[in-house]
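Asks: Following is a predicted model, sequence given first.
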Number of protein chains: 2
Amino acid sequence: MTTGSITLSDDPLVRFILRRADDALVLGHRLSEWCGHAPLLEEEMALANIALDHLGQARALYSYAAEVEAAGHDEDAYAYRRDPVDYLNLLLVERPNGDFAHTIVRLWLYSAFMSLWWQAMTASKDAQLAALAARAVKEVAYHLRHASNWVVRLGDGTPESLRRAQTALDLLWPYAGEMLTSQPDEAALTANGIAIDPETLRQPWLQRITSDAAQAALRLPSAPFSQQGGRRGNHSEAMGHLLAELQYMQRAYPGAQW
Amino acid sequence: MTTGSITLSDDPLVRFILRRADDALVLGHRLSEWCGHAPLLEEEMALANIALDHLGQARALYSYAAEVEAAGHDEDAYAYRRDPVDYLNLLLVERPNGDFAHTIVRLWLYSAFMSLWWQAMTASKDAQLAALAARAVKEVAYHLRHASNWVVRLGDGTPESLRRAQTALDLLWPYAGEMLTSQPDEAALTANGIAIDPETLRQPWLQRITSDAAQAALRLPSAPFSQQGGRRGNHSEAMGHLLAELQYMQRAYPGAQW
């Protein structure tokens, strides 16, 4: 069993897949941090189910990356055995959970984008990605419904719940633009119909967010999408803590062999 | 919305239901503590799924307790708003997770019993409990299969994994007897065919455990089942920490209303 970190591939398709796998892994991890801390049993189960969907997507994507890269890495090598700069997830998903409103607003911003993204990916020329997308669209439809219902409920609830939801939106907004931004090394994949240029989803995403926000009496911030870098491996301090936790077992017991 | 602790009912049926709901809640919580810490992505998802099954069982049982008690408590009041002495779960399920072997050995000891218990409960004269049992038997069959496969894999693995599994079994064994022990206030329910006397499951449980242990090259301890008390509300220090975490959100935001 190999131990130690694996090297990030230069293959644009591998990186394209790992970006979305890392988003799913990291958000799944954040959501699972709510286990045993949710305000209601029903919500505890909902967040755990949504976390599981993301872990399932991460596994499927890592497995496919392994097949494409063909360097002998398995899903666990990708998930647990990379250096922090070699994770390519959005800064948005690595943000700490904050309070419940913060967790829900992040899930809403992300799921509103991913529901469009997976929908578009069902038409990918890459048959395996299209097949993964066909399954993921159903999952993300539920995530978005759950999150946007909560956003409306919080915004339309008490003055305190509205204040918390608005604060969360103001804090998270600068991070939302990274998912809408084209990555230079994905241009050829996009031209070949394998990948999606996320810029093409910017308007429909903004429409959905604007409409939900109006229902929730939330103000859309005018701040620029200033926080980017995760897609290139430039992560925040929060990601270091998250990885320390995530990688602990693999580092302590390489290959989980005692 | 009422806040503060609710009082534990004297009704034997309510207590009978709460005992098993509390087992499921507490074990579900312990299993969910592995979220983001499991040694492999596949195992991460398996433990999260098993945790979810337990939370689902807890919710169903709390809802039924609410119906029987008819004191206006909802599932969340039972789950989050009791004083520590009013939780009636086994000491076994509140033990800290320890290492992976420890978590798996506990799940195995418990699931081997619960698979027999739910099977017997499908014949309960209480139609609602029988219906819950019909669903739970399928879930627990998977939990037992997962746990016993791992026990064999650990016992039959490296000297270190065998040593860890044996240590876990030695440490947990004194706690295993409480689930096999009749509770005086359940005698009438048992006589009426509503409840099961767990003593009647002692032999089949021991048979299953003995057979699995033999496959795993594990020695069954000869220590007595000396650790009991949870069923009467006498909990260990570990339970206090667990409840502090579990109840935090409800205590901080009563009724989860901001």
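Replies: Looks like it came in fine.
Asks: any idea how far the host helix or strand of A:Thr103 is from the chain center?
Replies: Using DSSP states H and E, the element containing A:Thr103 is helix A:100-121. Centroid displacement of helix A:100-121 relative to its chain, using Cα atoms, centre = their mean, to the nearest Å, is 8 Å.
Asks: And for stretch A:169-188?
Replies: Distance, centroid of stretch A:169-188 to centroid of chain: 12 Å (Cα atoms, centre = their mean).
Asks: pLDDT averaged over it - what is it?
Replies: For stretch A:169-188, mean pLDDT rounds to 98.
Asks: swap in stretch A:142-155?
Replies: Stretch A:142-155 comes out at a mean pLDDT of 97.
Asks: And stretch A:36-46, by the same measure?
Replies: Stretch A:36-46 comes out at a mean pLDDT of 86.
Asks: For that stretch, which residues meet the burial criterion?
Replies: A:36-41, A:43-46 (16 or more other Cβ atoms under 10 Å in any protein chain shown). C-beta coordinates here come from the backbone N, C-alpha and C atoms, glycine included.
Asks: May I see these organised as JSON lines, with secondary structure and distance to B:Asp74 added?
Replies: Shown next, in JSON lines, are those (DSSP: H, G, I helix; E, B strand; the rest coil; distance: Cβ to Cβ, whole Å):
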{"residue": "A:Gly36", "secondary structure": "coil", "distance to B:Asp74": "19"}
{"residue": "A:His37", "secondary structure": "coil", "distance to B:Asp74": "19"}
{"residue": "A:Ala38", "secondary structure": "coil", "distance to B:Asp74": "15"}
{"residue": "A:Pro39", "secondary structure": "coil", "distance to B:Asp74": "13"}
{"residue": "A:Leu40", "secondary structure": "coil", "distance to B:Asp74": "9"}
{"residue": "A:Leu41", "secondary structure": "helix", "distance to B:Asp74": "9"}
{"residue": "A:Glu43", "secondary structure": "helix", "distance to B:Asp74": "13"}
{"residue": "A:Glu44", "secondary structure": "helix", "distance to B:Asp74": "14"}
{"residue": "A:Met45", "secondary structure": "helix", "distance to B:Asp74": "15"}
{"residue": "A:Ala46", "secondary structure": "helix", "distance to B:Asp74": "16"}
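Asks: filter those down to the ones close to chain B.
Replies: A:36-41, A:43-45 (Cβ under 8 Å from any Cβ of the partner chain).
Asks: follow-up on the earlier one: and which of the buried residues of stretch A:36-46 is nearest to B:Gln250?
Replies: A:Pro39 (6.6 Å; Cβ to Cβ).
Asks: Low-confidence ranges, chain A, go.
Replies: A:1-3, A:251-258 (pLDDT under 70).
Asks: Name the residue closest to the centre of it, please.
Replies: Centroid-nearest residue in chain A, with Cα atoms, centre = their mean: A:Asp23, separated by 3.3 Å.
Asks: who's in contact with that one?
Replies: A:89-90, A:93, A:110 (Cβ atoms under 8 Å, 6 or more residues apart in numbering or on different chains).
Asks: list the contacts for A:Trp34?
Replies: A:44, A:47-48, A:51, A:97, A:103.
Asks: And A:Asp22, by the same measure?
Replies: A:Asp22 touches A:58, A:87-89, counting by Cβ under 8 Å, 6+ apart.
Asks: run the last query once more with 7 Å
Replies: A:87-89 (Cβ atoms under 7 Å, 6 or more residues apart in numbering or on different chains).
Asks: Could you say which helix or strand holds it?
Replies: Applying DSSP H and E, one finds A:Asp22 within helix A:12-32.
Asks: Report the angle between that helix and helix A:100-121.
Replies: If you take axes from the mean of the first three to the mean of the last three Cα atoms, to 10 degrees, helix A:12-32 sits at 150 degrees to helix A:100-121.
Asks: Residues of chain A that sit close to chain B?
Replies: Contact residues, chain A versus chain B (Cβ under 7 Å from any Cβ of the partner chain): A:29, A:32-33, A:35-41, A:44-45, A:48-49, A:51-52, A:55-56, A:59, A:75-76, A:79, A:157-158, A:160-161, A:164, A:245-246, A:248-250, A:253, A:256-258.
Asks: out of those, which are buried?
Replies: A:29, A:32-33, A:35-41, A:44-45, A:48-49, A:51-52, A:55-56, A:59, A:75-76, A:79, A:157, A:161, A:164, A:246, A:249-250, A:253, A:256, A:258.
Asks: if we can go back for a sec, turn the buried residues of stretch A:36-46 into TSV, including distance to B:Gln228.
Replies: Formatted as TSV, these follow (distance: Cβ to Cβ, whole Å):
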residue	distance to B:Gln228
A:Gly36	25
A:His37	30
A:Ala38	31
A:Pro39	33
A:Leu40	32
A:Leu41	27
A:Glu43	34
A:Glu44	29
A:Met45	31
A:Ala46	36
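Asks: Show me the helices in the stretch 151-258 of chain A, by range?
Replies: Per DSSP state H, counting those that start in this stretch, the stretch 151-258 of chain A carries helices over the ranges A:159-176, A:187-191, A:202-215, A:237-252.
Asks: So for A:Arg231, which of those sits nearest?
Replies: Taking these one by one with Cβ to Cβ, helix A:159-176 is closest: 11.8 Å.
Asks: what's the closest one packed up against?
Replies: Under the contact definition 3 or more Cβ pairs under 7 Å, 6 or more residues apart in numbering or on different chains; DSSP states H and E, helix A:159-176 sits against helix A:91-94, helix A:100-121, helix A:127-155.
Asks: Adding mean neighbour count, write those out as JSON lines.
Replies: Listed next are these as JSON lines, based on neighbours: other Cβ atoms under 10 Å in any protein chain shown:
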{"stretch": "helix A:91-94", "mean neighbour count": "24"}
{"stretch": "helix A:100-121", "mean neighbour count": "24"}
{"stretch": "helix A:127-155", "mean neighbour count": "19"}
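Asks: With only the CA atoms kept, save stretch A:164-184 in CSV.
Replies: Written as CSV, here are the backbone C-alpha positions of stretch A:164-184 (Å, rounded to 0.1, in the frame of the first residue of the first chain):
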residue,chain,number,x,y,z
ARG,A,164,-29.3,36.0,10.6
ALA,A,165,-30.2,34.9,7.1
GLN,A,166,-29.3,38.4,5.7
THR,A,167,-26.0,38.4,7.6
ALA,A,168,-25.2,35.0,6.2
LEU,A,169,-26.0,36.1,2.6
ASP,A,170,-23.9,39.3,3.0
LEU,A,171,-20.9,37.2,4.3
LEU,A,172,-21.2,34.4,1.7
TRP,A,173,-22.0,36.5,-1.4
PRO,A,174,-18.4,37.5,-2.2
TYR,A,175,-17.6,33.7,-2.4
ALA,A,176,-20.5,32.9,-4.8
GLY,A,177,-18.9,34.1,-7.9
GLU,A,178,-16.1,31.5,-8.1
MET,A,179,-18.5,28.8,-9.2
LEU,A,180,-19.8,31.1,-12.0
THR,A,181,-16.2,31.7,-13.4
SER,A,182,-14.7,29.9,-16.4
GLN,A,183,-11.4,28.1,-15.7
PRO,A,184,-8.9,28.5,-18.5
